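**Student:** Got a sequence here, can you model it:
(chains A, B, C and D)
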Protein chains: 2
Amino acid sequence: MTLTQLRYLVAIADSGLNITQAAERVHATQPGLSKQLKALEDELGFQLFVRRGRSLESVAPAGVRVIEHARKVLAEVANIRSYAANERGELSGRLLLATTHTQARYVLPPVIAAVKREFPQVNVDLLAAGDAEVLNWLDQADLALISTAGSVPTGGVAVPLYRWRRVLLVQREHPLARLAHAPTLAELAAHPLISYESSTRADSSLQRAFSGAGVAPQVGMTARDANLIKTYVRAGLGAGLLAEMAVDASDEDLRILQAPPEIPECVTWAVVPRGRVLREYALSLLHRMAPQLDRRDLRRVLEGNQGAAWPAPPHWGELLHANSA
Amino acid sequence: MTLTQLRYLVAIADSGLNITQAAERVHATQPGLSKQLKALEDELGFQLFVRRGRSLESVAPAGVRVIEHARKVLAEVANIRSYAANERGELSGRLLLATTHTQARYVLPPVIAAVKREFPQVNVDLLAAGDAEVLNWLDQADLALISTAGSVPTGGVAVPLYRWRRVLLVQREHPLARLAHAPTLAELAAHPLISYESSTRADSSLQRAFSGAGVAPQVGMTARDANLIKTYVRAGLGAGLLAEMAVDASDEDLRILQAPPEIPECVTWAVVPRGRVLREYALSLLHRMAPQLDRRDLRRVLEGNQGAAWPAPPHWGELLHANSA
DNA sequence: CGCGTTTACGTCGTTCGTAACGATA
DNA sequence: TATCGTTACGAACGACGTAAACGCG
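**Tutor:** From the prediction side, this is the model:
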C-alpha cells in the first residue's frame, strides 16, 4: 500500500468511477491508475469496485469503507504538508472558502482584501452556496462560513464570529414605511415578504418567530442572493427581509426598518473540520473575522480536537468598525 | 512523502532516536532509514530532529507535531489493513491486550481459551500492568481492560463489560472471621488491610468509602497482584480486600467475607481507541466478555466514533456462568 | 466506430543493501 | 576502540508513459 495508490483510489471515486478523468485530476496516465488500483486490490485481497465488463460500475461495499479510511490518511498527509508549509513560512497557496452569498458579497470583500494584502501570493477561491449546502463543501474547502439563529453548526469545530440582526428593506411609498415604529410581526404578516430561500423551511427561525405570534408570513419570493431580493423590492413585489450586512450606500432609495424583535439575532460561524491544520493565511482570515479571539487560542482549539468555551461574539457593527480602521 | 518515510520516522522516535535500533524494528538497514529521514526532512523543509554532531539529540518541536500526524496516518493505514484482513477472513494475527493483573489471571483465561479455540492461529499477548498504567499502553495494544468504580474511563470508546464487588479474604482465625455479619467499615478499619496498589490513592473509591464513614483504613500492604495479596493474608499480615473474581477453589483455607456495602461496586470496561478497526478475533473476545452486547452494535459504535448508551452490564457471576456453559 | 479499460513493453527513477568512511564518547 | 550515523556505489525492483488490443454501447 502506498500513498499514491490511496490518492488514485479517491481520485477515481471522486471522478465518478471514470479512471481516465481521475488520471487527469492527479496528473498521471490512465494505465498508471488502472495498474495501481489493481495492485491495491491485489494487496487487500478483494475488489474495491464492482466491474461490469471492463468498466467500473459502482463502489463495492468494502470499497466504501476503504475509501473512507483512505480519505483520512490523505487528510492527515495534507495536514503534515500544511504544517510544514507554515513552518517554513511558505507564502503562497490556495484558500477555498465555502460561504453563503451574503458573506461573500458584503462581509468578505474587505476581509479578503486584507488577507490578500498580507499574503499576495495566495489564491482565494469562493464557493458561494445556500445555507444548507455550505457544510457539504466542507471536506473540500478550507473552512466554511455559515449563519444560524440559535443552534451551533455541526461538521467540525464551530467558531462564533459575530452577531447580526435582520432588517426590513422597503420602498419609500410602502405602507410599512409610514409607520412611526418598527413593524410588529402581525403588521409584517399583512404584506408580502421577500427573503432568503432558507427562511421558507418550517424549522427556520423566521417561521418559528411568526408562528410564535400566531400569524403566518407571506413569503412570496425567495432568493439566495441579497441583491436579487433588493431588485424585487425595488420592483414593488414586497418588503425585503435580509441580513443587516447586506445594506449599503446603494440602498439610499429604499427605507431601512428594524425587524420585529421577535425575529431572533443570528450568529455567523466559521466551521473547520476537526483536526485539520490550517495554513497561516486561513488563520489570518479567521482572525480578521473574529478579532476578539486570540490567534493562539484559535489554533490550539482547532488542532486540539475539542470544543471550547468561546467568548460571546461581538455585533457585526463593531467588527465592521474594527476592519475599516 | 511516502508511507515508508513516515513509518521510519515513528520507528526512530519510538527507538529513542537510535536509527540503528529503529532499522531492526522495521526490518530494514540503517543507511536506508538515514536516507529516508533526510529525504523527508528535505521535502518538508526543516529538520525533524535536533542533531548533535551526527547523532540525533532530541526531537525538534516541529518534529513532535509531524510525528503526531504521522502516527495518525499509520493508524489509519493499519485500519485499512485490519479491515481488509477481516474482509478476506484472515484467521491469523496478533491480539495485544493491555489489562490489569486480576483480569489477566482470573477473568481472561477461559475467555482467551475460547478465542484461541475459535482462532487457533492468533497470537495473544498479554500486557499486565497496574490500573493507572493500562491506558498508557492503549496506543500499542488492541484494546485495554480496566476497572473503575463510578467513573467512565477516558482515552477511547469505553464499553462496560460487567459489574463486580470487592470481597474480604481472611484467615479462619482472624477476628473478622468470627463476626456473625459482614463487617462494617468501622470494624474493618480496626484491622490492617492488604489490597491493590491503586487503593492507596486518596481519590480511590476505597478511600472515599472509608472517609465517608469518618474512619481511615490501615492499608498496611499493597500489591498489584491478587496472588501476592493472598500470600500475605496467609502469612497473617492482615485482611485481604480484593476483587471477587480473584477468589477460586484454592482459597478454601481462607474465609471469604462480604465487603461493607459502602464500598461501591466496580465496573470492568474495555477501552478501544476512537476510530480503530478491530480484527474479528478482537471483537470475538470483546463479545465473549460482554455477551449482552450485540456484535454488530459493538462494531458500529466502535467505528462510529461516538459514545453510546450501553445497557447496564451484568454482574460478574452471570458472565462467568455464560462462559462456563 | 468512439469511448474507456486492460495488457504489453521499454525506459527511467528510486530504493535497497553492502561496504567503506567519519565522527564521537 | 567501539558505536553510531553518513556517504558511495551497484543491483534490482517498481513506477511511469507510449502503444496496441479488447469490449461495449
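
**Student:** C-alpha from now on. contacts and neighbour counts both.
**Tutor:** Will do.

**Student:** What is the longest helix seen in chain A packed up against?
**Tutor:** Scanning chain A for the helix with the most residues, using DSSP state H, yields helix A:61-87. Helix A:61-87 makes packing contacts with helix A:3-14, helix B:30-44, helix B:61-87 when contacts are defined by 3 or more C-alpha pairs under 8 Å, 6 or more residues apart in numbering or on different chains; DSSP states H and E.

**Student:** rerun at 7 Å
**Tutor:** On a contact count with 3 or more C-alpha pairs under 7 Å, 6 or more residues apart in numbering or on different chains; DSSP states H and E, helix A:61-87 meets helix B:61-87.

**Student:** circling back: can you give me the offset of the longest helix of chain A from its chain's centre?
**Tutor:** 21 Å (C-alpha atoms, centre = their mean, to the nearest Å).

**Student:** Check whether it comes near DNA strand C.
**Tutor:** No: interface with DNA strand C: helix A:61-87 contributes nothing (C-alpha under 7 Å from any atom of the strand), its closest point being 14.5 Å away.

**Student:** send the alpha carbons of stretch A:260-271 over as CSV?
**Tutor:** In CSV, the C-alpha atoms belonging to stretch A:260-271 read as follows (Å, rounded to 0.1, in the frame of the first residue of the first chain):
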residue,chain,number,x,y,z
PRO,A,260,-39.6,42.9,14.8
PRO,A,261,-37.7,42.0,18.0
GLU,A,262,-39.2,38.5,18.0
ILE,A,263,-37.1,37.7,14.9
PRO,A,264,-34.0,36.5,16.7
GLU,A,265,-30.5,37.5,16.3
CYS,A,266,-28.2,35.4,14.1
VAL,A,267,-24.6,34.3,14.6
THR,A,268,-22.2,33.8,11.8
TRP,A,269,-19.8,30.9,12.4
ALA,A,270,-16.6,29.6,10.9
VAL,A,271,-16.6,25.8,10.7
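
**Student:** Check which residues of it are buried.
**Tutor:** Of the residues in stretch A:260-271, those buried by neighbour count under the rule 16 or more other C-alpha atoms under 10 Å in any protein chain shown are A:260, A:263-271.

**Student:** Just the closest of those residues to B:H315, please.
**Tutor:** The nearest member of the buried residues of stretch A:260-271 to B:H315, counting by C-alpha to C-alpha, is A:V271 at 44.2 Å.

**Student:** so A:A216 makes contact with A:F210?
**Tutor:** Yes: proximity of A:A216 to A:F210 meets the contact threshold set by C-alpha atoms under 7 Å, at 5.8 Å.

**Student:** Show me what from chain A comes close to DNA strand C.
**Tutor:** A:17-21, A:30-31, A:34-35, A:54-56.

**Student:** change it to 10 Å
**Tutor:** Residues of chain A that fall close to DNA strand C, judged by C-alpha under 10 Å from any atom of the strand: A:12, A:15-23, A:29-38, A:49-57.

**Student:** The helix or strand following the longest helix of chain A pairs with which strands?
**Tutor:** Scanning forward in sequence from helix A:61-87, with DSSP states H and E defining helices and strands, the next element found is strand A:93-100. Based on DSSP bridges, the pairing partners of strand A:93-100 within the sheet are strand A:122-129 (parallel), strand A:143-148 (parallel).

**Student:** So A:E57 versus A:V267, what's the distance?
**Tutor:** Distance of A:E57 to A:V267, computed by C-alpha to C-alpha, to the nearest Å: 44 Å.

**Student:** ok, the closest residue to A:D225 other than its chain neighbours - contacts?
**Tutor:** Taking C-alpha to C-alpha, 6 or more residues apart in numbering or on different chains as the measure, A:D225 lies nearest to A:H101, with 5.7 Å between them; neighbours along the chain are not counted. When the contact criterion is C-alpha atoms under 7 Å, 6 or more residues apart in numbering or on different chains, the partners of A:H101 are A:128-129, A:224-225.

**Student:** Quick check: the gap between A:H101 and DNA strand D.
**Tutor:** 39 Å (C-alpha to the nearest atom of the strand, to the nearest Å).

**Student:** Near A:P175, how many other residues are there?
**Tutor:** Burial of A:P175, expressed as a neighbour count using other C-alpha atoms under 10 Å in any protein chain shown, amounts to 12.

**Student:** related to what we said a few turns ago, any chance of JSON lines for the strands paired with strand A:93-100, columns mean pLDDT and mean neighbour count?
**Tutor:** Conversion of the strands paired with strand A:93-100 to JSON lines gives the following (pLDDT from 0 to 100; neighbours: other C-alpha atoms under 10 Å in any protein chain shown):
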{"stretch": "strand A:122-129", "mean pLDDT": "94", "mean neighbour count": "17"}
{"stretch": "strand A:143-148", "mean pLDDT": "94", "mean neighbour count": "25"}
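
**Student:** out of the ones you listed, which comes closest to B:L74?
**Tutor:** Comparison of the strands paired with strand A:93-100 against B:L74 by C-alpha to C-alpha identifies strand A:143-148 as nearest, at 25.5 Å.

**Student:** ok and the helix or strand that comes right after that closest one relative to strand A:143-148, angle-wise?
**Tutor:** Counting by DSSP H and E, the next helix or strand C-terminal to strand A:143-148 is strand A:157-164. Interaxial angle of strand A:157-164 relative to strand A:143-148 (axes from the mean of the first three to the mean of the last three C-alpha atoms, to 10 degrees): 50 degrees.

**Student:** outside of strand A:157-164, which residues touch it?
**Tutor:** Counting by C-alpha under 7 Å, 6+ apart, strand A:157-164 makes contact with A:244, A:265-274, A:289-290, A:302, A:307, A:313-316, all of which sit outside it.

**Student:** What about the residue lying closest to A:A213 once chain neighbours are set aside? Give its phi and psi, please.
**Tutor:** Beyond its immediate neighbours in the sequence, the residue positioned closest to A:A213 (C-alpha to C-alpha, 6+ apart) is A:L185, lying 7.0 Å away. Dihedral angles of A:L185 (phi, psi; degrees, to the nearest 10) stand at phi -60, psi -40.
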